[in-house]
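Chemist: Quick one, structure for this:
(one chain, ligands or ions: 1)
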Amino acid sequence: MTMGAEDVTTIETAVRVETKRSPLPPRERLEQVFDIRDLDAIYGSKPAVKGVTMEIYKNLVTAIIGPSGCGKSTFIRCLNRMNDLIPGFRQTGTLRYHGQDIGGSDIDPVAVRRTIGMVFQRPNPFPKSIYDNVAWGLKVLRMKDSLDERVERALTQAALWDEVKDRLKASGLSLSGGQQQRLCIARAIAVEPDVVLMDEPASALDPIATQAIEQLMHDLKDEYSFVIVTHNMQQAARVADMTAFFSISTGGEGARWGELVEYDDTTKIFTAPSDKRTEDYVTGRFG
Ligand code: ADP
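Modeler: Okay, the predicted model is just below:
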């Protein structure tokens with residue numbers, strides 16, 4: 001059955017998909033940011049995810065959903081080589097970023113993280129002033145010209161400027177949880193990354209702060225590409241243009257690993273998924 005974007009649900013889904021979303025252009029008209037082929041992510045000898053093949057597109061919000069332990073965080077951390085910091089971790093397969101293979105050992109992970117920034121579950125401002133939190137990356141990268149303007153711009157983009165403009169010298173730690181997370185987003189975008197990865201960015205926040213984070217992703221996606229891990233299906237349905245559903249597969253001797261089950265327009269994933277496992281998950285029958 002074909003569906004118009006204005007249709008809300010066809011299956012008994014627990015999730016309401018935004019009705020006003022405009023349909024995505026055809027895939028071939030979207031610009032690829034990541035081209036991921038057969039990616040395995042392995043801790044020691046234990047694979048956390050296996051065989052992930054997907055493309056992630058520019059200026060979209062892409063959500064990764066799935067049950068706890070299916071490798072969502074591991075996967076998103078592969079995208080900017082953040083797992084390299086974990087002893088015994090390795091990833092195999094191909095990870096291309098704008099056509100360049102960034103999965104190999106010859107790539108400088110620090111340079112990768114300069115253009116592919118990350119925001120974590122718990123807000124983690126530095127014990128420094130609000131201004132210095134945002135200016136920190138700019139100073140490290142010697143982007144020191146027009147520092148004040150860059151700090152203001154990042155705080156404005158993160159929808160925090162009006163709340164902090166009169167107390168830029170106050171500690172970042174004096175802010176509320178939601179403000180701290182927006183400060184971390186300001187810190188991430190100040191260095192003008194291309195992609196912002198967000199690992200459960202709102203799970204420690206109240207609903208109003210959550211809404212602010214979702215709104216700013218929506219407002220900023222013309223400038224950045226976002227990849228967000230969320231256990232909150234409503235959130236994926238609200239913010240994401242495309243959604244990838246990961247699930248846990250099992251093998252002999254208790255082996256378990258995560259794999260990508262289905263990846264499509266968010267509307268399709270939540271209203272007319274192709275795979276029974278996705279349907280079971282989005283209808284709340286599993287997970
Ligand atoms: P999710 O984000 O979907 O909950 P994770 O990526 O956190 O899943 O975890 C996937 C699997 O990888 C789990 O079995 C978890 O125990 C394992 N894992 C995660 N982080 C580490 C780590 N630092 N060292 C070893 N195993 C890990």
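
Chemist: Which strand or helix spans residue 189?
Modeler: Element membership for residue 189, per DSSP states H and E: helix 177-190.

Chemist: Next secondary structure element downstream of that helix?
Modeler: Counting by DSSP H and E, the next helix or strand C-terminal to helix 177-190 is strand 195-199.

Chemist: does whatever residue of the stretch 101-250 of the chain ends up closest to the ligand have beta-bridge partners, and which?
Modeler: Closest residue of the stretch 101-250 of the chain to the ligand, CB to the nearest ligand atom: residue 229 (6.3 Å). Using the backbone N, CA and C atoms, a C-beta is placed for each residue, glycine as well. Counting by DSSP bridges, residue 229 is bridged to residue 64, residue 199.

Chemist: again with residue 35
Modeler: In this entry, residue 35 is beta-bridged to residue 55, residue 96, by DSSP bridges.

Chemist: rewinding a little: OK, contacts around the residue of the stretch 101-250 of the chain closest to the ligand?
Modeler: By CB atoms under 8 Å, 6 or more residues apart in numbering, residue 229 lies in contact with 63, 64, 72, 73, 75, 76, 198, 199, 200.

Chemist: at 7 Å instead, please
Modeler: 64, 72, 73, 76, 199, 200 (CB atoms under 7 Å, 6 or more residues apart in numbering).

Chemist: Could you identify which of those has the most neighbours?
Modeler: residue 64 (28 neighbours; other CB atoms under 10 Å).

Chemist: quick one: that residue from residue 262, how far?
Modeler: 12 Å (CB to CB, to the nearest Å).

Chemist: do residue 242 as well
Modeler: The value you get for residue 242 to residue 262, if CB to CB is used, is 11 Å.

Chemist: which one of these two has more residues nearby?
Modeler: Counted by other CB under 10 Å, residue 242 and residue 262 do not tie: residue 242 has more neighbours, with 24 against 19.

Chemist: Name the residues of this protein found near the ligand, please.
Modeler: Within the chain, the positions lying close to the ligand (CB under 6 Å from any ligand atom) are 43, 48, 66, 68, 69, 70, 71, 72, 73, 74, 86, 258.

Chemist: now the angle from the helix or strand residue 215 falls within to strand 195-199?
Modeler: Using DSSP H and E, residue 215 sits in helix 207-220. Angle, helix 207-220 to strand 195-199, by axes from the mean of the first three to the mean of the last three CA atoms, to 10 degrees: 160 degrees.

Chemist: what separates helix 207-220 from the chain centre, distance-wise?
Modeler: 13 Å (CA atoms, centre = their mean, to the nearest Å).

Chemist: mind exporting that helix as PDB, just the C-alpha atoms?
Modeler: Presented in PDB, the C-alpha positions along helix 207-220 are these (Å, rounded to 0.1, in the frame of the first residue of the first chain):
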ATOM      1  CA  PRO A 207      10.600  17.500  28.800                       C
ATOM      2  CA  ILE A 208      11.000  21.300  28.300                       C
ATOM      3  CA  ALA A 209      14.800  21.000  28.000                       C
ATOM      4  CA  THR A 210      14.300  18.000  25.700                       C
ATOM      5  CA  GLN A 211      12.000  20.000  23.500                       C
ATOM      6  CA  ALA A 212      14.700  22.800  23.300                       C
ATOM      7  CA  ILE A 213      17.300  20.200  22.100                       C
ATOM      8  CA  GLU A 214      14.900  18.700  19.600                       C
ATOM      9  CA  GLN A 215      14.000  22.200  18.300                       C
ATOM     10  CA  LEU A 216      17.600  23.200  17.800                       C
ATOM     11  CA  MET A 217      18.400  20.100  15.900                       C
ATOM     12  CA  HIS A 218      15.500  20.900  13.600                       C
ATOM     13  CA  ASP A 219      16.600  24.500  13.300                       C
ATOM     14  CA  LEU A 220      20.200  23.700  12.600                       C
END
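
Chemist: Show the secondary-structure elements that it is packed against.
Modeler: helix 177-190, helix 233-239 (3 or more CB pairs under 7 Å, 6 or more residues apart in numbering; DSSP states H and E).
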